[in-house]
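S.K.: here is my input; please provide its structure:
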Amino acid sequence: MKAKAGEVRQQCLARVGKITALALVLAGLVWQGTRTPALVDPSAGDYEAYWMAARLLLTGGNPYDLDAVAALQGVPPLQNGSVKVAWNPPWALAVMLPFGLVEFPLSRMLWFLLMVAVLFASTSVFWLRDGGPLSRRWVAALLCILFPPALLALWNGQMTPLLLAGIAGFLHSGAQGRWGRAGAFLALGALKPHLLCLFWGVCVLWGVHHRRWQIAAGLGITLAVAVGAVACVDPLILSRYQEMMAGDPALPPLTLTATTGAMLRLLLGAEKAWLQTAPLAVGACWTCLYYWRRRRSWDWMEHTPLLLAASVIVTPYAWPPDYVLLLPAILQAATRVSGAGTRPIGLALLFYVPVVAACFTVWFSGVAGVWHAWQPWAVLGACLIARKLATPARIPSTASNLGTLR
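M.R.: As a prediction, this is how the structure comes out:
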């Protein structure tokens, strides 16, 4: 009895220690956030666009009006693209609206804490679903913290971590056979639908092949509810978004972003805009072939990380913070290597650490976004090499309890 009581006491102390450590980390983040310009200065980072879109919407303005956004930011409308506009579709405004109810510093801090929680929760789901041991879940958190695009997403206030949460929710719900809820989670992926271009294609092919109509229903209902909530504030929101996409001369697809297509334009001629979408066409053909060969034994957890990485590589529009979608590929490689012994781990680090160091170097150098386009290729290559060095993934009880996902 004494031994059992001592064990219970140790578990309670460990639980209290974890809660205390979490509280200290959150307090540290809040303290640091009050002293970080990117978290308190509206002109720093990308979150300004989200907050101002919500503010305009709540005050009867048009969040898709470049002149209105420029007036709120206090800059000329077309001065070197200095106006930060939320190009996201109308249903994304439903996520932004609550954060527009408070002033910028508090709103920015709440958003920052939400994105931190979302990143850690998502990486934990990916780690466990891919067979990572529960006792080493801290490895997933560490890989997330040390990945430059994840830090950049937090620093800039980007919403890309929500896409990661949507994919994690899709995988977890699908493993439980709740495909309607899985489709609802995919609504988070629709906040920036272009970043999941190849993933959407496989969702359609697999959903039709297996008659999983609940996915489309869950996605459609969730998006309809989100648009309906925004329309309650601004009934013209859909027409305003359509007008912006049809006639605005400053549309983001025309810019040289951090993508493979933009790099091709830089090398072969910036005036050849079609090069920016050329990788997407190649990627679509590869995706169809990739899925067709594996259609009878398709495993979402096995193939989703590669699909996300390939989507980031071929998308026509992305920035370095969007590379956070490469995290599932990194975590998958880590779970494979973690059970393969010391030598494969060392070799994997030999490939991966220089890539991360180079990413940090390019980030701090301040070069244009297009010169970051090599990073998804390098990260994916390092992860594929790590997987080759490792033995097949172990499937411990923590993963099998989550169910299968095929």
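
S.K.: where in the stretch 251-400 of the chain is pLDDT low?
M.R.: Screening the stretch 251-400 of the chain residue by residue with the criterion pLDDT under 70, one finds the ranges 251-254, 339-351, 390-400.

S.K.: try it again with 50
M.R.: Scanning the stretch 251-400 of the chain for pLDDT under 50 picks out 252-253, 393-400.

S.K.: just the stretch 51-200 of the chain next, same as before
M.R.: 79-80.

S.K.: which residue ranges form the helices in it?
M.R.: Listed in chain order, the helices of the stretch 51-200 of the chain (DSSP state H, counting those that start in this stretch) span 66-73, 93-96, 104-129, 137-145, 148-156, 160-175, 179-189, 197-210.

S.K.: could you dump these to a markdown table with distance to Ala357?
M.R.: Using the backbone N, CA and C atoms, a C-beta is placed for each residue, glycine as well. Formatted as a markdown table, those follow (distance: least, Cβ to Cβ, whole Å):
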| stretch | distance to Ala357 |
| --- | --- |
| helix 66-73 | 35 |
| helix 93-96 | 34 |
| helix 104-129 | 21 |
| helix 137-145 | 15 |
| helix 148-156 | 9 |
| helix 160-175 | 22 |
| helix 179-189 | 30 |
| helix 197-210 | 28 |
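
S.K.: which among those is found nearest to Leu57?
M.R.: helix 93-96 (6.1 Å; Cβ to Cβ).

S.K.: one step back: can I get the helices of the stretch 51-200 of the chain in JSON lines including distance to Leu389 and mean neighbour count?
M.R.: Shown next, in JSON lines, are those (distance: least, Cβ to Cβ, whole Å; neighbours: other Cβ atoms under 10 Å):
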{"stretch": "helix 66-73", "distance to Leu389": "49", "mean neighbour count": "18"}
{"stretch": "helix 93-96", "distance to Leu389": "40", "mean neighbour count": "24"}
{"stretch": "helix 104-129", "distance to Leu389": "19", "mean neighbour count": "20"}
{"stretch": "helix 137-145", "distance to Leu389": "17", "mean neighbour count": "17"}
{"stretch": "helix 148-156", "distance to Leu389": "23", "mean neighbour count": "22"}
{"stretch": "helix 160-175", "distance to Leu389": "25", "mean neighbour count": "23"}
{"stretch": "helix 179-189", "distance to Leu389": "31", "mean neighbour count": "23"}
{"stretch": "helix 197-210", "distance to Leu389": "26", "mean neighbour count": "17"}
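
S.K.: closest to Gly45 out of those helices?
M.R.: Of all the helices of the stretch 51-200 of the chain, helix 148-156 comes closest under Cβ to Cβ, at 4.3 Å.

S.K.: of the helices of the stretch 51-200 of the chain, give the one that comes closest to Val356.
M.R.: When the helices of the stretch 51-200 of the chain are compared (using Cβ to Cβ), the closest one is helix 148-156, at 6.6 Å.

S.K.: any idea of the angle the closest one forms with helix 104-129?
M.R.: If you take axes from the mean of the first three to the mean of the last three Cα atoms, to 10 degrees, helix 148-156 sits at 160 degrees to helix 104-129.

S.K.: report the distance from helix 148-156 to the chain centre.
M.R.: Chain-centre distance of helix 148-156: 11 Å, with Cα atoms, centre = their mean, to the nearest Å.

S.K.: contacts only, for Gly157.
M.R.: Ala38, Leu39, Gly45, Asp46, Tyr47, Glu48, Tyr50, Arg108, Trp111, Phe112, Met115 (Cβ atoms under 8 Å, 6 or more residues apart in numbering).

S.K.: and the furthest pair within those?
M.R.: Across the contacts of Gly157, the longest distance by Cβ to Cβ is 15.1 Å; it joins Glu48 and Met115.

S.K.: can you show me the CA trace of stretch 172-179 as PDB?
M.R.: Taking Å, rounded to 0.1, in the frame of the first residue of the first chain, the C-alpha atoms of stretch 172-179 are listed here in PDB:
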ATOM      1  CA  HIS A 172      -7.700  12.100 -36.200                       C
ATOM      2  CA  SER A 173     -11.500  12.200 -37.000                       C
ATOM      3  CA  GLY A 174     -11.100  10.000 -40.000                       C
ATOM      4  CA  ALA A 175      -9.300   7.400 -37.900                       C
ATOM      5  CA  GLN A 176     -12.400   7.300 -35.800                       C
ATOM      6  CA  GLY A 177     -14.600   6.900 -38.800                       C
ATOM      7  CA  ARG A 178     -16.200  10.300 -38.300                       C
ATOM      8  CA  TRP A 179     -15.900  11.600 -41.800                       C
END
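
S.K.: and that stretch, how far from the chain's centre?
M.R.: That offset, for stretch 172-179, works out to 20 Å (Cα atoms, centre = their mean).

S.K.: distance of the nearest residue to His172 once chain neighbours are set aside from Leu219?
M.R.: Nearest residue to His172 in three dimensions, chain neighbours excluded: Val125, at 5.6 Å (Cβ to Cβ, 6 or more residues apart in numbering). Distance, Val125 to Leu219, by Cβ to Cβ, to the nearest Å: 19 Å.
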